[in-house]
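In: coords please:
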Amino acid sequence: MLKGLLRFVIAIIFILSGFVKAIDLVGFSFKMEEYFSPTVFDMPFFEKFALPLSVFVVVLELLLGFMLLIKLKLKFTLSVLIALCIFFGFLTFYSAYYNVVTDCGCFGDAIKFTPWQSFIKDVVLLVGLIIVFILYRKDFKKKDAYSYSPKKETGNKFKYILLAIFTVAMILIGAHGIVHEPLIDFRDYKIGTDLKAEKAKISKNPSEYKTFYSLKNTKTGETVKVNQDDYIKETKYWAEGSPWKIEEGKNESVLIREGYKSEIVKFKIEDPNGTDLTEQIINAPKAVLIFSYHPQSVSPELLKQLEAKVKAQGATVVYGVSTLPNTFKTIKNTMMDGTAIKTIARSNPFVLVLENGKIIDKQPAEDYLK
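Out: Below is the predicted model of the structure:
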């Protein structure tokens, strides 16, 4: 039947969405931190609770999706899912309209959505859920819905057993991703990735951007947006005595043509003086790198043990990479953007091993020391 098929499709979408986030709960918590940041909802107090909140949201999404699939507490399940869709629809619309969070993380790193695509997805799901609710409304009103029936009780008991097994399995998968690394790596930095080859693809097919200047006429107060090419061509905007002035802080870089997409474009490591060491690292026969996106929270003793072990590996290049210039004591300090570090691996700290630019291993510090 149509209503059964629609219910099945929507349930699978919620389960898949929750599953890819459950695999990488730490990654999803980074996305939650973006929403709490000063540039979005300005609620920095909640950033420290991003991980437990992520766990709650993902578990709720998975359980409700599975309950919808097996038709357990259908009215309650549909009602909560509709409320969730309305809530996340608001978040995705806000992100899209104000262009503050470029990827909602709805399907983790497995499927990337633009903000407007995320909003449309939420609207479609909301409409689908409302249709399912209407189609099943007669089932909610059955007189014997709360009466005792041995057959019904046996059926519900089996459903609860299935729900319990599903819940335990998802908790184990999520816990593995938090303690170690995600069981399935959807990121561009998965083991086997050749950073050198990826950078060559990016260089061969780069994305093109244009700068749009915000100009204000000091005589009339009129404001206009002009791209960099037109700005150069039109002498009235920059000739001596021109009333048009560039408004500082309001210029925009706009994507004109999208080239080869890869997070590897952000892989740039510099020494504390700003010297780019990326080429040296990806061309080394073997490079062992310790990364930390939040070195302030790392135990000095743990770093000491890590440094001792990586130095004993006999690698051509051994560097410590963090957001601060003096994190490491016995190996050379280098620096990288914190967000870019989080993209490579979720643990803090973690160890990345390269051979001629190819990722052959990456592990959380505790696993690497075992």
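In: Kindly list the main-chain dihedrals of the residue lying farthest from the centre of the chain?
Out: Counting by Cα atoms, centre = their mean, the extreme residue of the chain relative to its mean C-alpha position is residue 241, 48.1 Å from that point. In this entry, residue 241 is assigned phi and psi values of phi 90, psi 0 (degrees, to the nearest 10).
In: can you tell me how far it sits from residue 96?
Out: As for residue 241, its distance to residue 96 is 42 Å (criterion: Cβ to Cβ, to the nearest Å). Quick note: C-beta positions are derived from backbone N, CA and C, even for glycine.
In: What of residue 253?
Out: Counting by Cβ to Cβ, the separation of residue 253 from residue 96 is 19 Å.
In: For those two, indicate the residue with more neighbours.
Out: Neighbours per residue (other Cβ atoms under 10 Å) separate residue 253 from residue 96, with residue 96 holding more: 19 against 10.
In: Which elements pack onto the host helix or strand of that one?
Out: In this assignment (DSSP states H and E), residue 96 forms part of helix 74-98. Based on contacts counted as 3 or more Cβ pairs under 8 Å, 6 or more residues apart in numbering; DSSP states H and E, the elements that helix 74-98 packs against are helix 50-69, helix 115-135, helix 137-140.
In: wait, what's in contact with the closest residue to residue 324 other than its chain neighbours?
Out: Closest residue in space to residue 324, ignoring its immediate chain neighbours: residue 295 at 5.3 Å, by Cβ to Cβ, 6 or more residues apart in numbering. Taking Cβ atoms under 8 Å, 6 or more residues apart in numbering as the criterion, residue 295 is in contact with 322-324, 327, 349.
In: before we move on, what about residue 12?
Out: So, once contact is read as Cβ under 8 Å, 6+ apart, residue 12 ends up touching 65, 69.
In: and it, how far is that from residue 184?
Out: According to Cβ to Cβ, residue 12 and residue 184 sit 17 Å apart.
In: Check residue 242 too.
Out: Counting by Cβ to Cβ, the separation of residue 242 from residue 184 is 57 Å.
In: quick one on the thing from earlier: out of the helices and strands packed on helix 74-98, the one nearest residue 30 is which?
Out: helix 50-69 (7.5 Å; Cβ to Cβ).
In: Between helix 74-98 and that closest one, find me the angle.
Out: With axes from the mean of the first three to the mean of the last three Cα atoms, to 10 degrees as the criterion, the two stretches helix 50-69 and helix 74-98 enclose an angle of 130 degrees.
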